[in-house]
Every structure is written in structure tokens, then in C-alpha cells.
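# Turn this into a model:
(2 chains)
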Amino acid sequence: MSLSQVEAATESDQVEQPVGNLRQAAWRRLRRDPVAITGFVLIAMFIVVAVLAPLIAPYDPRDTPGAGTITPTNIPGPSAEHWFGLDEQGRDELSRVIYGARQSLLVGVVAMLLGMAGGMVLGVLAGAFGRWVDSVVMRIVDIMLSIPGLLMAIAIAAVLGRSLTSVMIAIAAVNVPIFARLLRGQMMSQRESDYVLAARSLGVRRRSIVLSHVLPNSMSPVIVQATLTLATAIIEAAALSFLGLGGADPAVPEWGRMLASTQRYLASAPHLALFPGLAIMVAALGFTLIGERLREALDPKYRR
Amino acid sequence: MTNDPTRPLLAVRDLGVSFTRKGAPDVRAVDGVSFDVSPGQTVGLVGESGSGKSVTSLAVMGLLPRRNVRVDGRVIFDDDDLLTLPRERMRDIRGRDMAMVFQDPMTSLNPVVPIGVQVTEVIERHQQLSGDAADKAAAELLDRVGIPDPTRRLREYPHQLSGGMRQRALIAMALACRPRLLIADEPTTALDVTIQAQILELLKELVHDSGAALIMITHDLGVVAGLCDTVHVMYSGRVVEGAQRRELFARPRHPYTGGLLASVPRLDAARGTPLHPIPGSPTDVLAWPSGCAFAPRCHHRVDACTDGPPPLENIGGRSLRCVNPLPTTEEVPA
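Prediction:
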């Protein structure tokens, strides 16, 4: 260890570690954390599969290579030609799971980004202005939070009609109040910090204080929440499409819809439920592992 | 603005700060504080924790929260009463005409923004400079406060700088627009002893060079002795004694001032000489209306101390709030 590292180490013991330092240290810790690495690998697999689906998938997900051999009581399971077997219409299950990753990733990322953007707008409004703006925004947030998330998503998706866009909007809406509340609380506590007082003592304008001082220092928990939201968004998207509120075109593979349509064949072809279910679990698990470890890495109280 | 040298730059008159609470009596944190600061003068505000010295400085800067805080009295700076100025005017004055350096350089810089951005932010805010010109001015500032390799340092984050360097950077930011008044609120308390002397020396030099007036807030009498022209001692929210530095150190009249001076450990004292603490703690104070707040801890107390609030009297250029002051040396019976 070089001298400067020794100094840095002793200094960090004495003082509360500043956020800039904290983020770099968090990244260093994550890279050495086997659980986080597992999460990274799962997510990397998920993203590669989704992006390269046309190259990886052995069949077109709409083709029915097994159309002649399929009967409701005879749905062949995994074989050399069809690793995950065939589905109830004679389509290649592996190809459908691979293409389903695209839908899940798209819905997850867009819904998370929309929800975060909406939540941040509300959170910044409440956190920056305080007083009555804060009261009004937070009461709206309270009302949104009082409705169970999935119920609200179902209601919104049902009102907007069957399309991928409405799924995204529905899931985003569920996450808006969560992000808003999180960011608002964080900004409120940062507003009391010494560097804000120091900036005010030098006449820095309120807008710059909010946007260039308070907001960047309030983002750590929001980033953690965004990662965790990706996991829940994927599950919620699957739940919506399971309930028949997914994309309009039934030929487009979605994991949730695959699960729903396989219900009747559960006894004769359990693999049809197993593979999409596993896919949902693995994708959600990857984001959850990273989110949880990121939270611990960024939170000084969890320091191991 | 006039250049009348006899006119004070800052005149604080009867400043009071109350923290109001719902369902509970107000807390009078500062009461009846008056002092003058002439251009270029260094004034010390001395007192222990909770004596109201920091609240006084925040009130002068207009940095106290507006909710649940009542500020009264007058703070005259350049013919303007800062307490009644509109917020926008006050924001223009802060950083340009008056600035402040805080106690803890570890937390007074934004941890996620490079030093350079924070310095240029102040320059761009108050001077018609931007881009390269502001960067150049920022580098010159860091150089002036003795930070080596300023262009590299400007790109660094606060955690990459030591405590002393950070305080230098904060001083650079405070002096960026050549304010006429600088308030330093215990600027060396959070620093190593070896660095403290450097920072004080730097402040002294910069303030002298720029002709700015300085209000030094401290609990450290050593700092006051080396720096200040005039000293005001505060106890429990009021000034109990104020005088020229030499006068005050040579002949303290208020028992609290005397106690503070006597409690400073002396290197030249014989080994084993006990220290002379002030008995009690700042929490055992009387409410001023019922008498002298220091009375419970005072060795010089008489019955009259608790008869009512002692007035602030002006005795030969010295202000004193005590009914039974320490005798001047001439009066001491031989």
C-alpha cells in the first residue's frame, strides 16, 4: 500500500466519508463481491440474449416446426432438436423464451426510466420548494401509495387498452410515488448539510443549489431503487401479460403470456411452465442481487 | 458608499434572535448584541459552545431559517439594514460584499462536485467572468491561498484534498470576489494543531492584503490574542464584555473573561500546577431577566447579581455587563 493510500485510509476512519469517495469505494467493493458478480453475470446473460435473440434462437418464435406431431395430450418435452421442447402449438419453446427476453427487458427498462423520471420531477418539486408544494405533492404521492401496486397497474393497463405501451405506463405509474418519496426525503436531509449553508453564504442562487448541489448528493438511494425497480418491473410485466393485459399480438412471445397459455397443459407438459418461469426468476434475481449489494455498498452502516 | 474611515463598515445594534416553538416558550439565543466593525478591522467574538456567537454570525449573514426564527434589532452594512433587505438583494451581497468561512472543511464542500466547479460557481455568480476567464481566476485564487499545482487541484474532488487544503479552498471561495467583510466561524477548530497556525497566518495575511474586515468567531483565546483588534466576549447569548484586545487581556473586568483567561494552560507554569477551570457548565445558566446568567458559576458573585439583568455599561471604552466586576489592578489593595 502506498503512502497516499495509507493516509486516505486513516483519514476515512476519522471523518464521515464523502459521497464522491463513497461511490468509488462502493464500486470497488462491488467488483470484489461474489454475490454482486453473480448478479452482473445473470444480467449480462439476460441482456446478451435479448439483444442477440435473432442470432441465438434456433427457430423463428412464430414457426411451428412440430405442428403435425402435437396433440393436447402429447406435447414433447426437451430433445436434441428442441432443447426446451415444443409448446402447445408446436413452436420451439427455447426460441420463444429467448425472444421473450426482449419484451421483458424493453418493458423493464422503459417502465423503470419513466417511473424514475416522473418520481424525480415530483421529488425535486417537493424537496426543493418545501412548504405547501411539498404538502400537495406528498399527499398525491400518499394517495398513489395507498393503492396496491399491482392493482393500480392492472387498472391503468385495462383503461389504456392492450398494448406494450400501456404496460410500460402502468408499471411506471406504480413506481412514480416510490421514487418521489425517496428523492424528496433525501433532498430534505441534504438541504440541511454544511455545504449547502456554505454555498448560500456565498450568494449561490437557489436553483443552482438545488440542481448542482442537493440533487447530485441525493441520487445514491435513487440509483439503488432503480436497479431494484427493474426486477419488480419485469415481474409486474409478466403478471400483467399473465392476466391478459400484455401486448396486443398474441404471437409475440411474452413470458407472462407463455405461463398463462400453458396452464391447461400443466399435467402433460410441465416444462412449458418451468422455462418461462425460470427465465422471469433469473432476470429478476440478477437485478435484485445487484440492487441489494449496491445498497449495502453505498450505505456506511452496512460496511463489513 | 462613503469613505469616511470613522464610520463603521458593519454596525450591529441590539441584535436578538429567538427560536420560536409551538406550545413552548421561545428560546432567546441571542439578545441585545451590539458591536461595530470598521473597514479593515479584525473583531473577535469569543464564547463557549451555545453562547450565541455562531447564531449572531448567521443572523448578520441572513442565513438563519425563516421559519420559527425571529430576528430583531438592526444590522447596518453600507447604509442598508440587512435584516430588512429583500432576499434577492441579500443574495447579491453575500459572496460579493460579505462572505463566510465555516468550521468544518470536511463537510463544507460539496463532495460530488470538483473543487474547480465550486470555485468558479462563485466567481461566475458575482463577476462578469465565465468559461476560461473564470477558470483562470479560480486557479489564481487557489494559488493565492497557497494550494500547490492549482490547475490540477481544480479538477479534483474534495476527498482528494487534506483538511487544511480544503479549508484553504473554502477561504479562496470566500475571498473570490474581494468582499469587504469576512466572517470566520471557528475556521481552525476542525484542523490539526500544526495546520491551525498556517490557516490563521493565511487569513491574517489575506485579510490584510485585501483590506477586508474580519469577524473572527472562536472559543480559542490564543486565536484572539494573535489576530484581533477588538474582542467581544459572549455568554449565554449576550455580550458580557467588549474591549480593545490589549485592554481585555491585561485587565479583564468581567469574572467570566477573567475565568477564561485564567483557564488557559501555561507552558511556563511549574509542573504540577493545577489548571484553573471555570466551575460548572454552560447549562447551569440563569435566564437573563432574573439576573446575570453567569452568576451560578461565578466566584465573584454578590447578592445583587440575581436581582435583575445587569445592564451593559460603557466604562472608558470598554463595555461591561457586570454588577460586581473584577477590580482593576490599580484598585487592588496593596
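# Just the endpoints, please. Distance across stretch A:188-204?
Stretch A:188-204 has an end-to-end distance of 18 Å (Cα to Cα, to the nearest Å).
# oh sorry, the question was meant for stretch B:231-250
End-to-end span of stretch B:231-250 (Cα to Cα): 13 Å.
# Counting neighbours, which bits of it end up buried?
B:231-243, B:245, B:247-248 (16 or more other Cβ atoms under 10 Å in any protein chain shown). Quick note: C-beta positions are derived from backbone N, CA and C, even for glycine.
# go on, stretch A:105-113?
Neighbour-count burial for stretch A:105-113, counted by 16+ other Cβ under 10 Å, picks out A:105, A:107-113.
# From these, which land in helices?
A:105, A:107-113 (DSSP state H).
# filter these down to the ones close to chain B.
When Cβ under 8 Å from any Cβ of the partner chain is applied, no member of those is adjacent to chain B.
# Need those residues in JSON lines (columns: distance to residue B:38 and pLDDT).
Listed next are these as JSON lines, based on distance: Cβ to Cβ, whole Å; pLDDT from 0 to 100:
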{"residue": "A:105", "distance to residue B:38": "69", "pLDDT": "89"}
{"residue": "A:107", "distance to residue B:38": "69", "pLDDT": "91"}
{"residue": "A:108", "distance to residue B:38": "66", "pLDDT": "90"}
{"residue": "A:109", "distance to residue B:38": "64", "pLDDT": "92"}
{"residue": "A:110", "distance to residue B:38": "64", "pLDDT": "94"}
{"residue": "A:111", "distance to residue B:38": "64", "pLDDT": "94"}
{"residue": "A:112", "distance to residue B:38": "60", "pLDDT": "94"}
{"residue": "A:113", "distance to residue B:38": "59", "pLDDT": "95"}
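# Low-confidence ranges, the stretch 201-334 of chain B, go.
Residue ranges of the stretch 201-334 of chain B with pLDDT under 70: B:283-285, B:329-334.
# Tell me how many other residues crowd residue B:89.
13 (other Cβ atoms under 10 Å in any protein chain shown).
# ok, and the closest non-adjacent residue to it?
Leaving aside its chain neighbours, residue B:89 sits nearest to residue B:80 (7.8 Å; criterion: Cβ to Cβ, 6 or more residues apart in numbering or on different chains).
# Could you do residue B:168 as well?
Excluding the flanking residues, the one nearest residue B:168 by Cβ to Cβ, 6+ apart is residue B:145, at 4.3 Å.
# Which residue lies nearest the spatial centre of chain B?
In chain B, the C-alpha closest to the average C-alpha coordinate belongs to residue B:217, at a distance of 2.3 Å (Cα atoms, centre = their mean).
# where do the helices sit along the stretch 201-334 of chain B?
B:221-227, B:245-250, B:255-263 (DSSP state H, counting those that start in this stretch).
# what does the second one rub up against?
When contacts are defined by Cβ atoms under 8 Å, 6 or more residues apart in numbering or on different chains, helix B:245-250 is touched by residues B:44, B:224-225, B:228-231, B:233, B:241-242, B:257, B:261, B:317-318.
# Mind checking which of these are buried?
Buried members of the contacts of helix B:245-250, scored by 16+ other Cβ under 10 Å, are B:44, B:224-225, B:228-231, B:233, B:241-242, B:257, B:261, B:318.
# quick one: average pLDDT of stretch A:199-208?
Stretch A:199-208 carries an average pLDDT of 90.
# what does the stretch 1-150 of chain B have sitting close to chain A?
B:61, B:63, B:91-96, B:99-100, B:102, B:104, B:106-113, B:117-118, B:121-122, B:125-126.
# OK, contacts around the nearest residue to residue B:277 once chain neighbours are set aside?
What sits nearest to residue B:277 in space, not counting adjacent residues and going by Cβ to Cβ, 6+ apart, is residue B:263, at 5.5 Å. Contact analysis of residue B:263 by Cβ under 8 Å, 6+ apart lists B:275-278.
# Compare those and tell me which has the most neighbours.
Greatest neighbour count in the contacts of residue B:263, by other Cβ under 10 Å, goes to residue B:278: 18 neighbours.
# Hmm, residue B:260 and it touching each other?
Yes - if you go by Cβ atoms under 8 Å, residue B:278 and residue B:260 touch, sitting 7.2 Å apart.
# Mind naming the longest strand for chain B?
What stands out as the longest strand in chain B, according to DSSP state E, is strand B:24-37.
# In terms of secondary structure, what does it contact?
Using 3 or more Cβ pairs under 8 Å, 6 or more residues apart in numbering or on different chains; DSSP states H and E as the contact test, the elements touching strand B:24-37 are strand B:10-21, strand B:42-46, helix B:53-61, strand B:69-77, strand B:230-235, strand B:238-244.
# List the buried residues in stretch A:138-152.
A:138, A:141, A:144-145, A:149-150, A:152.
# neighbouring strands for the longest strand of chain B, and are they parallel or not?
Note on strand B:24-37: by DSSP bridges, its sheet partners are strand B:10-21 (antiparallel).
# For chain A, what's the nearest residue on the stretch 101-250 of chain B?
When scored by Cβ to the nearest Cβ, the stretch 101-250 of chain B has residue B:111 as its residue closest to chain A, at 3.2 Å.
# so what's that residue scoring on pLDDT?
pLDDT recorded at residue B:111 is 86.
# What helix or strand is it located in?
Here residue B:111 is covered by no helix or strand, with elements defined by DSSP states H and E.
# Quick check: it touching residue A:195?
Yes - with contacts counted by Cβ under 8 Å, residue B:111 reaches residue A:195, the gap being 7.5 Å.
# More neighbours: which of the two?
Taking other Cβ under 10 Å, residue B:111 and residue A:195 do not tie; residue A:195 has more neighbours (26 against 22).
# Can you tell me how far that one is from chain B?
For residue A:195, the distance to chain B (Cβ to the nearest Cβ, to the nearest Å) stands at 5 Å.
# same check, this time on residue A:182
Separation of residue A:182 from chain B (Cβ to the nearest Cβ) stands at 18 Å.
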